[in-house]
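Student: show me the folded form of this:
(chains A and B)
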2 protein chains.
Amino acid sequence: MTAALSEVSVRDLLRMKVGRPVDLSAIDPRSTPGLPGLPVTGPDRKSWARAELRRLGDDLAEQQEMLHAQAVAGAAAGRRVLLVLQAMDCGGKGGAVKRVAGAMNPLGLRIQAFGPPTAEELSHHFLWRIRRALPDAGQVGVFDRSHYEDVLVVRVESLVPEQEWRPRYDEINAFEAELVDDGFVVIKVFLHISYEEQRERLLARLTDPTKHWKYHPGDVDARAKWPDYQAAYAEALSRCATEAAPWYVLPADRKWYRDWALAHLLREHFAELDLSYPPARFDLRAEQARLLAGDGHLVNER
Amino acid sequence: MTAALSEVSVRDLLRMKVGRPVDLSAIDPRSTPGLPGLPVTGPDRKSWARAELRRLGDDLAEQQEMLHAQAVAGAAAGRRVLLVLQAMDCGGKGGAVKRVAGAMNPLGLRIQAFGPPTAEELSHHFLWRIRRALPDAGQVGVFDRSHYEDVLVVRVESLVPEQEWRPRYDEINAFEAELVDDGFVVIKVFLHISYEEQRERLLARLTDPTKHWKYHPGDVDARAKWPDYQAAYAEALSRCATEAAPWYVLPADRKWYRDWALAHLLREHFAELDLSYPPARFDLRAEQARLLAGDGHLVNER
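Tutor: Sure, this is the predicted structure:
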């Protein structure tokens, strides 16, 4: 399979610096970092990105198969990938999962959506529901929302008192460091949309009868707290951007850029794993002989 | 979306009759039941089936979204789909999952592979590991092997004594009836390959270095017990083909037929659910007004 990875590192362009404050208002949700310039006479940027996404998708499917094959062979024990997706409502997590994770073999995926914690979940430690949903060795896990809800919606909506959520940034960093020690590649992505784009997408859900089910009046209540959520995101992104588990802010107003950049980011992380198919751990010739010999035997028997 | 369902019922053609013995040797693994005749001047059957699979896949993705939307809206509580795939080694379960389930949104899928029961699993009731992996309401679950292993590999390899596995046919029927009562659509499919086709596929795994990891010398040991496995399958198919949860035997030597027929079978089951997008449960105009009003407010604030 042809490598579909362009030379640009979307990863370097989107990564938040460790220990620095994050200013989301300085990142344009309509920008397209890393997208190569195209000749005027070629396809438009959107068509190019969609075509490139298909190539990257095939490539990701192959990488995932190699990761799985390694796990089956008992090589590189414990290696797995965890993609954490966070966004405001309508930020495009669902679409990104469909188009990017959807390119991989569903047998090797473990996808889990998290809402605001339920009463039962609140009675446990906030990482309880997270630990239960982690991918197995060889799998690619995707969290559609995550443990970050416990310093986002929980904070803005005051679901638990501040003295309870405040220490969670450190707990999250310790938890993610533990995962990385354990063989996880942790990729945390904030799909960054603008206030105006969210309005357009919410209105679209009201207009299209096949999208009514995605609309919840509570989304507008949350929208009224946009600045509070942006502040909560900025603090989470700043305090939990670590060397072990970086945060990426991905401009997501343009869906075609979002999907291309996310696939590219994943592909860059896979490249670092330097995966290959594991070698045979049996005698090829002996097995071939066994297969052909066994056949004669059974054919006579039938 | 255009309905991709042809008028033929693959479901009727492949379904095992309730209470009748099953003779697998009478079903040709290279046959293609339900595949329409094509004009001589048109595409060949394989190209036609592959193109039709893409259309069916889009259709399945929409059906799955409606199933999910209904669950979100609290309509038709508990409805979900469980596809059980069984086959001899190399029977094509993996390929079928990749091509057919892979057409749907991974967020709405729950896929679980089962091997021969482990020591821990054997210490529990045989349905223990199965119940933990059932799809949630609104999901499509896929079992790559299943509770049937407990009357197949367990029986042929004598993993538990006969007096223990013998009563399981009735237990399985009771369990599946319970699922159907609970809102499940249970679709059980045996991918039926020939002894010769299995040899070809095992040899291919030995030839292609990217497939070595799929090859296990133990597969040849199991192959030597082909007649025992076929007998165990025949009994399971015959004793557990019920009105509530029928068994389908799908000729699977031709991969393009296998994928088309499986997608068609799933689509027929979805058709019976008569799904649609749930209506809005809020005042559309009021929400539109709220969205537009809230905007003015926040823009001034920024």
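
Student: so who does the most centrally placed residue in chain A touch?
Tutor: Compute the mean C-alpha point of chain A, and by Cα atoms, centre = their mean the closest residue is A:Leu83, 3.0 Å away. Applying Cβ atoms under 8 Å, 6 or more residues apart in numbering or on different chains, we find A:Leu83 in contact with A:Ala101, A:Val140, A:Gly141, A:Val142, A:Phe143, A:Ile187, A:Val189, A:Leu266. (Each C-beta comes from the backbone N, C-alpha and C, glycine too.)

Student: wait, a helix at it?
Tutor: No - read with DSSP: H, G, I helix; E, B strand; the rest coil, A:Leu83 is strand and lies in no helix.

Student: coming back round to it: which PyMOL command selects the buried ones in the contacts of A:Leu83?
Tutor: Of those, the buried ones go into a single PyMOL selection, burial set by 16 or more other Cβ atoms under 10 Å in any protein chain shown:
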select buried, chain A and resi 101+140+141+142+143+187+189+266
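
Student: look up the closest residue to A:Gly78, ignoring the ones flanking it.
Tutor: A:Gly183 (3.0 Å; Cβ to Cβ, 6 or more residues apart in numbering or on different chains).

Student: got the buried residues for the lengthiest helix in chain A?
Tutor: Determined from DSSP state H, the single longest helix within chain A is helix A:45-72. Buried residues in helix A:45-72, counting neighbours by 16+ other Cβ under 10 Å, are found at A:45, A:48-50, A:52-53, A:55-57, A:59-71.

Student: same for chain B: which of those are within range?
Tutor: Among the buried residues of helix A:45-72, the residues within reach of chain B (Cβ under 8 Å from any Cβ of the partner chain) are A:Ala69, A:Gln70.

Student: how many neighbours does A:Arg15 have?
Tutor: Using other Cβ atoms under 10 Å in any protein chain shown, A:Arg15 has 15 other residues around it.

Student: go on, the one 5 residues further on?
Tutor: For A:Arg20, the number of neighbouring residues by other Cβ under 10 Å comes to 10.

Student: secondary structure class for the residue nearest to it when sequence neighbours are not counted?
Tutor: Leaving aside its chain neighbours, A:Arg20 sits nearest to A:Ser238 (6.7 Å; criterion: Cβ to Cβ, 6+ apart). On the three-state scheme (three-state DSSP), A:Ser238 is labelled helix.

Student: how about the residue nearest to A:Gly78, what does it touch?
Tutor: Contacts of A:Gly183 by Cβ under 8 Å, 6+ apart are A:Ala76, A:Ala77, A:Gly78, A:Arg79, A:Arg80, A:Ala137.

Student: between the residues you listed, which sits nearest chain B?
Tutor: Checking the contacts of A:Gly183 against chain B with Cβ to the nearest Cβ, the nearest one is A:Ala76 at 12.4 Å.

Student: avg pLDDT for stretch A:29-42?
Tutor: In this model, stretch A:29-42 carries a mean pLDDT of 87.

Student: give the buried residues for it.
Tutor: For stretch A:29-42, by 16+ other Cβ under 10 Å, it's A:Pro29, A:Thr32, A:Pro33, A:Gly34, A:Leu35.

Student: filter these by proximity to chain B?
Tutor: Answer for the buried residues of stretch A:29-42 near chain B: none qualify (Cβ under 8 Å from any Cβ).

Student: out of these, which one sits closest to chain B?
Tutor: The closest of the buried residues of stretch A:29-42, once distances to chain B are taken by Cβ to the nearest Cβ, is A:Pro29, at 14.4 Å.

Student: let's verify the closest one: helix, strand, or coil?
Tutor: coil.

Student: would you confirm that it contacts A:Asp253?
Tutor: Yes - at 4.2 Å, A:Pro29 counts as touching A:Asp253 under the criterion of Cβ atoms under 8 Å.

Student: between the two, what contacts are shared?
Tutor: Shared contacts of A:Pro29 and A:Asp253, counting by Cβ under 8 Å, 6+ apart, come down to A:Ile193, A:Ser194, A:Glu197.

Student: about what we covered before: what's the neighbour count on the residue nearest to A:Arg20?
Tutor: Neighbour count of A:Ser238, defined by other Cβ under 10 Å: 18.

Student: would you agree it is in contact with A:Asp23?
Tutor: No - applying Cβ under 8 Å, one finds A:Ser238 not in contact with A:Asp23, separated by 9.3 Å.

Student: which residue, other than its chain neighbours, is closest to A:Glu176?
Tutor: A:Ala245 (4.0 Å).

Student: could you do A:Pro33 as well?
Tutor: A:Leu13 (4.2 Å).

Student: just A:Leu203 next, same as before
Tutor: Using Cβ to Cβ, 6+ apart, the nearest residue to A:Leu203 is B:Leu291, at 6.2 Å.

Student: so what's that neighbour up against?
Tutor: B:Leu291 neighbours (Cβ under 8 Å, 6+ apart): A:Arg199, A:Leu202, A:Leu203, A:Leu206, A:Val220, A:Arg223.

Student: quick revisit: buried ones among the contacts of A:Gly183?
Tutor: A:Ala76, A:Arg79, A:Arg80, A:Ala137.

Student: doesn't A:Val81 make contact with the last one?
Tutor: No - under the contact definition of Cβ under 8 Å, A:Ala137 does not touch A:Val81, with a separation of 10.7 Å.

Student: can I get stretch A:116-123 in CSV, CA atoms only?
Tutor: The C-alpha coordinates for stretch A:116-123 follow below in CSV (Å, rounded to 0.1, in the frame of the first residue of the first chain):
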residue,chain,number,x,y,z
PRO,A,116,-22.4,13.8,31.6
PRO,A,117,-21.9,11.4,34.5
THR,A,118,-25.1,9.7,35.7
ALA,A,119,-26.1,9.4,39.4
GLU,A,120,-24.5,5.9,39.5
GLU,A,121,-21.3,7.1,37.8
LEU,A,122,-21.1,10.1,40.2
SER,A,123,-21.1,7.6,43.2
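
Student: what's around A:Trp128, how many residues?
Tutor: Here the number of neighbours of A:Trp128 (other Cβ under 10 Å) works out to 12.

Student: any idea of the pLDDT on it?
Tutor: Value listed for A:Trp128 in the pLDDT field: 97.

Student: that one and chain B: what is the separation?
Tutor: According to Cβ to the nearest Cβ, to the nearest Å, A:Trp128 stands 17 Å off from chain B.

Student: hmm, back to that, backbone dihedrals for the residue nearest to A:Gly78, both of them.
Tutor: phi 110, psi 0 (degrees, to the nearest 10).

Student: with the one 10 residues further on instead?
Tutor: In terms of degrees, to the nearest 10, the main-chain angles of A:Ile193 are phi -110, psi 160.

Student: ditto for A:Ile187
Tutor: Phi and psi for A:Ile187, reported as degrees, to the nearest 10, are phi -120, psi 110.

Student: just say helix, strand or coil for the closest residue to A:Thr210 other than its chain neighbours.
Tutor: Nearest non-adjacent residue to A:Thr210, counting by Cβ to Cβ, 6+ apart: B:Tyr277, 4.9 Å away. Three-state call for B:Tyr277 (three-state DSSP): coil.

Student: A:Phe143 now?
Tutor: Criterion first, three-state DSSP; result for A:Phe143: strand.

Student: this completes my enquiry, with thanks.
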